[in-house]
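Asker: Sequence and predicted structure below; questions after.
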Amino acid sequence: NAGVTQTPKFQVLKTGQSMTLQCAQDMNHEYMSWYRQDPGMGLRLIHYSVGAGITDQGEVPNGYNVSRSTTEDFPLRLLSAAPSQTSVYFCASSYSVTTEAFFGQGTRLTVV
Amino acid sequence: GEDVEQSLFLSVREGDSSVINCTYTDSSSTYLYWYKQEPGAGLQLLTYIFSNMDMKQDQRLTVLLNKKDKHLSLRIADTQTGDSAIYFCAESIRSGGYNKLIFGAGTRLAVHP
């Protein structure tokens, strides 16, 4: 059981480049979300999804897009990378609104 | 508003008890969680407490909730070097059709011999 898988683990981008962070879960969870982790700030919610075809914005959505075409996958797209998007990104999934959230291993992104 | 606060650093001697504290602001929280993050890894759920409980014990872990003061604590008995990690407090808040998690900044626990 792989749980929540994020790729890549590390990425360096130049300002203005675009890329997609991948997230996949094999637990048939309806709820998936993306967080970014910055020093001294905990985790902040970027976007979330309550099921295939349904997404919504979290606290810090600007500069990011998401889609949820399948239950398993929830990619996060950076449209035009900026140095302020240098962070560690975590994807999480859970079975329902009140059950445990499982986290991926994280993607460390540096924008230069 | 939604805010979760924790102290950033705690140092304890191996074998002693560790107490990590957290305060939150949203009284509508349904669940409160403690997550552990080891270096280079994702977050792992340690334990959680439902908002109508005062205490929960799970082996070496004791969670205390003071709902009146909006204060949550995690006590680790007989702290070991393997407990060195960052511990995140999080509250679960109903927002639309989703329970979103609001995280604190994390408390870095250092265990020394």
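Answerer: Nice, I can see it. Residues are numbered from 1 along each chain as shown, chains lettered A, B, ... in the order given.
Asker: How about B:R13: what's its closest non-neighbour residue?
Answerer: Leaving aside its chain neighbours, B:R13 sits nearest to B:H112 (6.1 Å; criterion: C-beta to C-beta, 6 or more residues apart in numbering or on different chains). In this view, the C-beta of every residue, glycine as well, is placed from N, C-alpha and C.
Asker: Got phi/psi on the one you found?
Answerer: phi -120, psi 150 (degrees, to the nearest 10).
Asker: That one: how many residues sit nearby?
Answerer: 10 (other C-beta atoms under 10 Å in any protein chain shown).
Asker: hey, where'd the strands end up in chain A?
Answerer: For chain A, the strands defined by DSSP state E cover A:4-7, A:10-13, A:19-25, A:31-37, A:43-51, A:54-57, A:64-66, A:76-78, A:87-94, A:102-103, A:107-111.
Asker: strands paired with the worst-scoring helix or strand of chain B on mean pLDDT, and their directions?
Answerer: Least confident helix or strand, chain B: strand B:98-103 with a mean of 79, by mean pLDDT, DSSP states H and E. Strand B:98-103 pairs in its sheet with strand B:85-95 (antiparallel), by DSSP bridges.
Asker: Give me the buried stretch members for the strand it pairs with, please.
Answerer: B:85-93, B:95 (16 or more other C-beta atoms under 10 Å in any protein chain shown).
Asker: on that earlier part again, can you tell me what sits against the least confident helix or strand of chain B?
Answerer: A:31, A:33, A:35, A:42-45, A:48, A:50, A:56, A:58, A:97-98, A:101, B:2-4, B:24, B:26, B:30-31, B:33, B:35, B:88-93 (C-beta atoms under 8 Å, 6 or more residues apart in numbering or on different chains).
Asker: for stretch B:106-113, same thing?
Answerer: Identification of contacts with stretch B:106-113 by C-beta under 8 Å, 6+ apart yields A:42, B:6-14, B:18, B:20, B:37, B:76, B:79-81, B:83-89.
Asker: Repeat that for stretch B:67-76.
Answerer: For stretch B:67-76, contacts defined as C-beta under 8 Å, 6+ apart pick out B:17-25, B:27, B:32, B:34, B:46-47, B:49, B:51, B:54, B:60-66, B:83, B:87, B:89, B:109.
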